[in-house]
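Novice: Sharing a sequence plus its predicted fold:
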Amino acid sequence: MWRLASPWYLALLILPIALLIWHRIAYRKGRSSLLFSGGHLLRDLPGSWRTVIAPHTHWLRYPGLVLLIFALARPQTGNAVQKIETYGVDIMMILDVSGTMGEKDMSAKGRDISRLAAAKQVMSGFVNGRTSDRIGLIAFATQSLTRCPLTVDYDLVSLALEEINLNLFPEEMRRTAIGNAIATGVSRLWKSDARSKVMILLTDGANTAGNVAPLTASDIALSEKIRIHTIGFGSPGRSDVDEQLLKEISEKTGGQFFRSTSLEDLERVYELIDDLEKSEVVVKNFQRWDEWFTWFLWPGCGLVLLEIILRNLICRRVP
């Protein structure tokens, strides 16, 4: 890129133009002369290079002044760089895979699907919509399993999500241990250096198992500055969502509770969470410019100085 740092100095370009006009007017009016009775005798006197260049020294003045004016305007070359820093969010998705998640009370494209299939479909879209955040995945029933640690490899997260099914746990271990799930999420997030740490816990039931109380686990999450968004999922009358408990968990940690009763409703919930947990983007502009005024200053000074030397010393004339 090229620019003039002080372009208003270009208004001074009127100066060399005015001097040139003034010189032409003065030349037409004539100059002082001496009268000799025998002027024709001077015609054959030998000339010199000084007499040849003397009438033209003023032509050094105008380009010299133009160069000096450009030096005052400070021509510069350089570039402007925009640096974008993104401070991502660490998100641990926690998915209930207890036995009731197999209930087919969700509808997708005219067919009934299970709560687990609906949840996986919506969560996959959420993962693919993120750009700079680390995302992890925990599946839980009576126990909790980390299916994918925090990563920006969204294909890996999607693959881990796709592989989750009800057979992940034995039938006798398909109860709901919300406290254990939150504790596992804390263990995965507590070493994180992200500015924002979040859990998104989706369940269709009440806490019926585990050795860690949900509110105790949420206290630990609060101490680690982890927000927990909770989602109660399942058709009304066909699910045992403990809304009061999920609300308390979210309110305690600064998150939000959502109740979702359909696939479309769940999609809207994840869209809201997506808006709530936007990454922080900081834009910094850097400019670096190299000065070129010296390339105009010294030639300009040289031309003006040369004209002064020639006119007043070397080619000095008697008026």
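Specialist: Happy to help now that I have it.

Novice: from here on, contacts and neighbour counts on C-alpha atoms
Specialist: Will do.

Novice: Am I right that residue 250 is in contact with residue 222?
Specialist: No - judged on Cα atoms under 8 Å, residue 250 makes no contact with residue 222 at a distance of 10.0 Å.

Novice: which of those two has more neighbours?
Specialist: Under the neighbour definition other Cα atoms under 10 Å, residue 250 and residue 222 were set side by side, and residue 250 has more, 23 against 17.

Novice: Helix or strand: which one has residue 199?
Specialist: strand 196-203 (DSSP states H and E).

Novice: Off-centre distance for the helix or strand containing residue 14?
Specialist: Element membership for residue 14, per DSSP H and E: helix 14-29. Distance, stretch centre to chain centre, for helix 14-29: 56 Å (Cα atoms, centre = their mean, to the nearest Å).

Novice: Assign residue 211 to helix, strand or coil.
Specialist: Three-state call for residue 211 (DSSP: H, G, I helix; E, B strand; the rest coil): coil.

Novice: now it, nearest residue through space, not along the chain?
Specialist: residue 180 (6.9 Å; Cα to Cα, 6 or more residues apart in numbering).

Novice: Identify the residues contacting stretch 156-163?
Specialist: 120, 124, 127, 135, 136, 137, 147, 148, 151 (Cα atoms under 8 Å, 6 or more residues apart in numbering).

Novice: how does it look with 7 Å?
Specialist: Stretch 156-163 is contacted by residues 120, 124, 136, 147, 148 when judged by Cα atoms under 7 Å, 6 or more residues apart in numbering.

Novice: Please identify the buried residues of the helix holding residue 14?
Specialist: residue 16 (16 or more other Cα atoms under 10 Å).

Novice: Could you tell me which residues make contact with residue 247?
Specialist: residue 257.

Novice: Am I right that it sits in a helix?
Specialist: Yes - judged by three-state DSSP, residue 247 forms part of a helix.

Novice: Which helix or strand contains residue 146?
Specialist: Residue 146 belongs to strand 144-151, assigned by DSSP H and E.

Novice: coming back round to it: from the contact counts, what lies against the strand holding residue 199?
Specialist: Packing partners of strand 196-203 (3 or more Cα pairs under 7 Å, 6 or more residues apart in numbering; DSSP states H and E): strand 89-96, strand 226-233.

Novice: Turn these into a markdown table, columns for mean pLDDT, distance to residue 310 and mean neighbour count.
Specialist: Output for the helices and strands packed on strand 196-203, formatted as a markdown table (pLDDT from 0 to 100; distance: least, Cα to Cα, whole Å; neighbours: other Cα atoms under 10 Å):
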| stretch | mean pLDDT | distance to residue 310 | mean neighbour count |
| --- | --- | --- | --- |
| strand 89-96 | 95 | 74 | 26 |
| strand 226-233 | 96 | 82 | 25 |
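
Novice: Dig out what the closest residue to residue 139 other than its chain neighbours forms beta bridges with.
Specialist: Closest residue to residue 139 apart from its sequence neighbours, by Cα to Cα, 6+ apart: residue 95 at 4.9 Å. When assigned by DSSP bridges, residue 95 has beta-bridge partners residue 139, residue 202.

Novice: Would you confirm that residue 95 contacts residue 204?
Specialist: No - the pair residue 95 / residue 204 is not scored as a contact, 9.7 Å apart, by Cα atoms under 7 Å.

Novice: wouldn't residue 175 be in contact with residue 206 here?
Specialist: No - judged on Cα under 7 Å, residue 175 makes no contact with residue 206 at a distance of 9.3 Å.

Novice: So these two - more neighbours on which side?
Specialist: Neighbour count, other Cα under 10 Å: between residue 175 and residue 206, residue 175 has more, with 23 against 19.

Novice: Tell me the secondary structure of that one, please.
Specialist: Following three-state DSSP, the label given to residue 175 is coil.

Novice: just to revisit the earlier point, following the strand holding residue 199, which helix or strand comes up?
Specialist: Per DSSP H and E, the helix or strand that comes after strand 196-203 is helix 214-223.

Novice: Flag every buried residue along that next one.
Specialist: 214, 215, 217, 218, 219, 220, 221, 222.

Novice: before we move on, what about stretch 183-197?
Specialist: Using 16+ other Cα under 10 Å as the test for burial, stretch 183-197 gives 183, 184, 185, 186, 188, 189, 190, 194, 196, 197.

Novice: For the second one, give me its contacts.
Specialist: This points to residue 184. With contacts defined as Cα under 7 Å, 6+ apart, residue 184 is in contact with residue 144.

Novice: can you confirm it is in a helix?
Specialist: Yes - counting by three-state DSSP, residue 184 falls inside a helix.

Novice: From residue 144, how far out is it?
Specialist: 7 Å (Cα to Cα, to the nearest Å).

Novice: Next: the first one.
Specialist: Computed as Cα to Cα, the residue 183 to residue 144 distance reads 9 Å.

Novice: With the third one instead?
Specialist: Using Cα to Cα, one obtains 9 Å as the distance from residue 185 to residue 144.

Novice: Ok, residue 193 next?
Specialist: 23 Å.

Novice: mind giving me the domain ranges of this structure?
Specialist: 2-31+42-80+287-314, 89-278 (automatic domain parsing).
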